[in-house]
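Chemist: what's the 3D shape of this:
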Amino acid sequence: MRFVSYAQNFEDVMLWRALKHISNGFYIDVGAWSPDIDSVTRIFYEHGWRGVNVEPNSEFHAQYALSRPRDINLKTAVGDKEGTLHINFMSNAGLSTAIDEFAAQHKAAGCTGDRQEVPLSTLKTICRENIPATQEIHFLKVDVEGLEESVLRGNDWTLYRPWIVLVEATLPMSQVESYASWEPILLNAGYQFVYADGLNRFYLANERAGLQEAFKYPPNVFDGFLLSAQQEAETKAQQAETKAQQAETKAQQAEAELQAVYASLSWRLSSPVRWLGKFIKR
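Modeler: Coordinates of the predicted model:
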């Protein structure tokens, strides 16, 4: 199976480079959004992995329930305590946020929003209730539009230690870095910063230092990946070629049938002439 990158910023390429030797791996995706569009986990699922997708948006949660039957799909927000949380679900769903200031900025830019109350859990609760103690967590992805610090504070980093943690590290729709408040949580928990892609920051557990070499370079030709848009274009081209071949085959069949009909008619029309010729000779 070819490796197809579905992620927004090649996050899956970097993770695959480090973890492709793992069979049937496990992930946690907090702020999972779509199971297909800009998905960091889709290609891993297609390669037999499974995991936990956390997405409070009803529409996207339903999509996960339908398309990811091997996964655990949770309709909840994640923070540093249990309870409920108000989220502004924006018309551009990727901008949905619990930070009212961010929601106001999005509305000023033309988005509409619907503020709803949703369940609130923590990473340590999600792990305790859904993941066996013996299950390794190979990567954790966090994309929560401003709640990164709360999400990271809500984990027990002694018990639940993903090999790789990647966290969106800029303010929504900008290149302004926003990791200063939450990075110390990871550093103090025994993680080291290994890579930044302009949108996310990647951290590696100290006990997995052997994977650090995988983050030396950005995605490049040697990763041998195909963009999902390229795959889609190839599929459409193949479908068009198949339809063209089918049309050509039908045309050839129609021509053969027409020739057969013509031959039959020619024989029938010529038969009386041959009979009359024989009669005259007599």
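
Chemist: from here on, contacts and neighbour counts on C-alpha atoms
Modeler: Noted.

Chemist: wait, a strand at residue 104?
Modeler: No: judged by DSSP: H, G, I helix; E, B strand; the rest coil, residue 104 forms no part of a strand; its state is helix.

Chemist: around it, how many other residues sit close by?
Modeler: Counted by other Cα atoms under 10 Å, the residues lying close to residue 104 total 15.

Chemist: can you check residue 48 too?
Modeler: 12.

Chemist: enumerate every residue touching the residue lying closest to it once chain neighbours are set aside.
Modeler: Computed as Cα to Cα, 6 or more residues apart in numbering, the closest residue to residue 48 that is not its neighbour in sequence is residue 24, at 5.4 Å. Contacts for residue 24 (Cα atoms under 8 Å, 6 or more residues apart in numbering) come out as 47, 48, 49, 50.

Chemist: repeat that for residue 199.
Modeler: 9, 168, 169, 170, 175.

Chemist: sorry, back to before: you'd agree the residue nearest to residue 48 is in a helix?
Modeler: No: according to three-state DSSP, residue 24 belongs to no helix; its state is coil.

Chemist: hmm, back to that, can you list the contacts of residue 24 in a markdown table and add distance to residue 16?
Modeler: A markdown table is the format used below for those (distance: Cα to Cα, whole Å):
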| residue | distance to residue 16 |
| --- | --- |
| 47 | 11 |
| 48 | 13 |
| 49 | 12 |
| 50 | 14 |
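
Chemist: for those, pick the one with the most neighbours.
Modeler: Neighbour max across these (other Cα under 10 Å) = residue 50, 21 neighbours.

Chemist: wait, that residue touches residue 27, no?
Modeler: Yes: counting by Cα atoms under 8 Å, residue 50 does reach residue 27; the two are 6.6 Å apart.
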